[in-house]
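>>> Give me coordinates for this.
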Amino acid sequence: MLRSLLVLQRSWVGPHAGDGSPMLISKRGGVLLLVSLLCTAPISAGQYHAPTFPGDGKIHLDVVVSLKSGPPVSGLQQQDFTILDNKVPQTITSFEAVDGRQAPLEVVLLIDAVNLGFREVAVARDGINKFLKADGGRLSQTTTFAILTDKGIYFHEEFSKDGNALSTALEHYTIPLRSINNATDHGEGERSQLTLLGLGQLVTREGPRPGRKIIVWVAPAGLLIFGSKNMLDSKIEQQVFGNIVDTSTQLREAQITLYSVDPLGTAEVGASYWKAYLKGVSQPSQVQMGDLALGVIATQSGGLALNSSNDIVVQLQECTADAGTYYEISFDPPMSDGPNEYHQLEVHVAKPGLTARTRQGYYTQPESGAELTVETEKPGGMGDDALSLEPGARSVTPEAFSQQVYYANAHPYLDLPLAQLAERIPELRTLQPAANRQELSVILQKVGRSVDDFVREIGDLIAHEDVTQERLTEKGGVRAKQRVQDNYLILHHGYEWGASAEYRMDEKGNRLGPIGLEKRYLVTSGFALSCISFSTVAQSQSRLRYLGEEKIGSRETYVLGFAQKPGEATFLVTMIGTEGAVANMLTQGILWVDKNNFQIIRMRSDLLAPQNEIGLDQLTTEVTFGEVQLQDVPNPLWLPSDVDVSMEIKKQKFHNVHHYTNYRRYRVSVKIGAPQ
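Residues are numbered from 1 along each chain as shown. Sure, this is the predicted structure:
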């Protein structure tokens, strides 16, 4: 099923690519309300953050109890269980014995056509078909199937307990042969990134849905989720550790248990190497690529990694039997010294011969009293009038993973002490430090709502634009200068996120090209919806810090620092050469928010890290917003009044200043003449 992709564009056209050709820089504000499940558009890596138990701060476990061999055991009571967190007993705060036939529970069967060969895919497909048709096609749990290909992941849209209907649908689906070359390191890395894409899409699709989810991945347990065996080095240990933390946390909070089933059983020599990596990783220096094996992730999530038989039907039945009877248990986690601290979990049952299986550990998340991120503490509940992402709208892509690796060593300036930050950004020299950083959640909630309202109400606009373009000397003096005036058109239809288009036009309404490019000036545009990154649905794509308060003119403001999250942000600055070269860039910056109406009145953004491969050392944008009252909108809109852009690329400097006035509705009139 094809779904639409809605994109906001901010465009800069600059004079030099790596080969000396002109460059186009575009800011893509792609908040994806709906996205094709087969596309690999650049969207968020951790964005599938959708906890089943939001905001309560507890650790929730799905616990399966059984004899050494045999089905899950029912009939146990709370007093039969003991939970150990790092060997310390914890008080159980909630307990429920669950009958999986009655509880909201879903099963997804995944065929991995990226990492399996043609023979293995055929075996997996045949085994799943037999499983679906067993017992007359009557399934105990609502089930569907998915197929990971090198074009993306395909989900069968309907969950059902009718195994025969699912089998028919699977038989009618043509699984494409993979086109990735297995014999090269590049092919191995590409497969790993597509595998990461698959895991991300599975979690983002299932995470927001209610209840427990069982995902059975038909692939060898030794499959590496995040990379090839020879890719790890000291430079990316921190990033890989972050991926481990994120995966563990997202699976836990989405209430997903992962299972792996090897379609060929023990046929592969060394297939069980991954069992040496089941102990949780506590710090980046301990990371090894074996920690990222499918079997390790499955076992640590509380699932199974089965490879002792080539009978897929039996193994699938063993996995789904875990849904029959289990226990939902929660406890309050003990205080931790900081985020990403690993806690080993054990669940003991006070009855001879019984063992409990659940997730083997968890990582602590940042405390709300420290620096807050939207990821860990949402800015209040989203009201009925807030725009929201549909389930499945976001996923992890190979591009997102590459982005995470590229920015692994980036150091956002929001982490600097305030004195150093003020030296870096002189506008902050009169900042009064925040007395209570816990105010951040309330500020973000209200800012999100104001931006949501703005996006709904902006519609189609036209304004007068006055642009000054400058080429600068090495010391910042003006080498050349020109001034351009035009009509600036902003098209935005309905409740879609992002402008459909932004154009420059002459007085007669003719569209203008990139003015000044032929004279080697920097051409900048696309600032109308600069604030969209701080809408309710997009705030989680950035780290945010409440810095303090500052007076801007006559207005008292809250001051926030932000830094886009690698692998998660969808509002990217993209530099595209005329020959097709592309470089995506993330930003960091400062927001000044009016304390009375929670409108963003000023925003500064800088590169999160220099782009060495294209020689881009600096890109700073400062936007000042002003009140605009339109006749058809009850409340004023806050639109850019002044924009200042500075860029240094390959030791050449550019400076543009925009001034916008006379915003008004843009309407197209059509004259229909009388027939001759």
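>>> use CA for all of it now, contacts and neighbours both
OK.
>>> do you know how far Ser336 is from Asn243?
Distance, Ser336 to Asn243, by CA to CA, to the nearest Å: 20 Å.
>>> For Ile649, give the beta-bridge partners.
The bridge-partner assignment for Ile649, based on DSSP bridges, gives Leu616, Gln652.
>>> Contact partners for it?
Ile649 makes contacts with 16, 614-618, as judged by CA atoms under 8 Å, 6 or more residues apart in numbering.
>>> Comparing Ser336 and Asn243, which residue is more hemmed in?
Asn243 (18 against 15; other CA atoms under 10 Å).
>>> next one: stretch 591-605 to chain centre, how far?
Mean-position distance between stretch 591-605 and its chain equals 25 Å (CA atoms, centre = their mean, to the nearest Å).
>>> Tell me the buried residues in it?
Of the residues in stretch 591-605, 591-595, 598-605 count as buried by neighbour count, 16 or more other CA atoms under 10 Å.
>>> got it, and stretch 83-91?
Quick answer for stretch 83-91 (16+ other CA under 10 Å): 83, 85, 90.
>>> Could you name the specific helix or strand carrying Ala609?
Ala609 is part of no helix or strand when elements are defined by DSSP states H and E.
>>> That one: neighbour count?
19.
>>> ditto for Gln238
19.
>>> Doesn't it lie inside a strand?
No: using DSSP: H, G, I helix; E, B strand; the rest coil, the assignment for Gln238 is helix, not a strand.
>>> That one against Pro284, yeah?
Yes: Gln238 sits in contact with Pro284 when judged by CA atoms under 8 Å, with a separation of 5.1 Å.
>>> returning to what we had before: let me know the closest of the buried residues of stretch 83-91 to Thr144.
Ile83 (33.3 Å; CA to CA).
>>> gap between the residue lying closest to that closest one once chain neighbours are set aside and Arg357?
Once flanking residues are discounted, Ile83 sits nearest to Val347: 4.7 Å by CA to CA, 6 or more residues apart in numbering. According to CA to CA, Val347 stands 7 Å off from Arg357.
>>> Check the buried residues of stretch 591-605 and tell me the two furthest apart.
So, the buried residues of stretch 591-605 by CA to CA: farthest apart are Lys595 and Ser605, at 20.8 Å.
>>> Tell me where the stretch 201-350 of the chain has helices.
237-253, 294-300, 312-321 (DSSP state H, counting those that start in this stretch).
>>> most tightly surrounded among those?
Highest mean neighbour count among the helices of the stretch 201-350 of the chain (mean count of other CA atoms under 10 Å): helix 294-300, with a mean of 27.
>>> which parts of whichever strand or helix holds His659 are buried?
Per DSSP H and E, His659 falls inside strand 652-665. Neighbour-count burial for strand 652-665, counted by 16+ other CA under 10 Å, picks out 652-661, 663-665.
>>> pLDDT on it, on average?
Mean per-residue pLDDT for strand 652-665: 92.
>>> Assign the nearest residue to Arg437 once chain neighbours are set aside to helix, strand or coil.
Spatial nearest neighbour of Arg437, excluding adjacent residues (CA to CA, 6+ apart): Tyr546 at 5.9 Å. Assigned by three-state DSSP, the conformation of Tyr546 is strand.
>>> okay, Tyr546: pLDDT?
On the pLDDT scale, Tyr546 gets 94.
>>> how much space between it and Asp291?
According to CA to CA, Tyr546 and Asp291 sit 36 Å apart.
>>> same question, Ala146
25 Å.
>>> Neighbour count for those two, which is higher?
More crowded of Ala146 and Asp291, by other CA under 10 Å: Asp291, with 25 against 20.
>>> what sits against the more buried one?
Here Asp291 is in contact with 274, 277-278, 281, 297 (criterion: CA under 8 Å, 6+ apart).
>>> Of those residues, just the buried ones, PyMOL syntax please.
Only the buried entries of the contacts of Asp291 go into this PyMOL selection, using 16+ other CA under 10 Å:
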select buried, resi 274+277+278+281+297
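>>> now the contacts of Asp291 as TSV including pLDDT and distance to Pro514?
Formatted as TSV, the contacts of Asp291 follow (pLDDT from 0 to 100; distance: CA to CA, whole Å):
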residue	pLDDT	distance to Pro514
Trp274	87	55
Tyr277	90	55
Leu278	91	56
Val281	90	52
Ile297	94	50
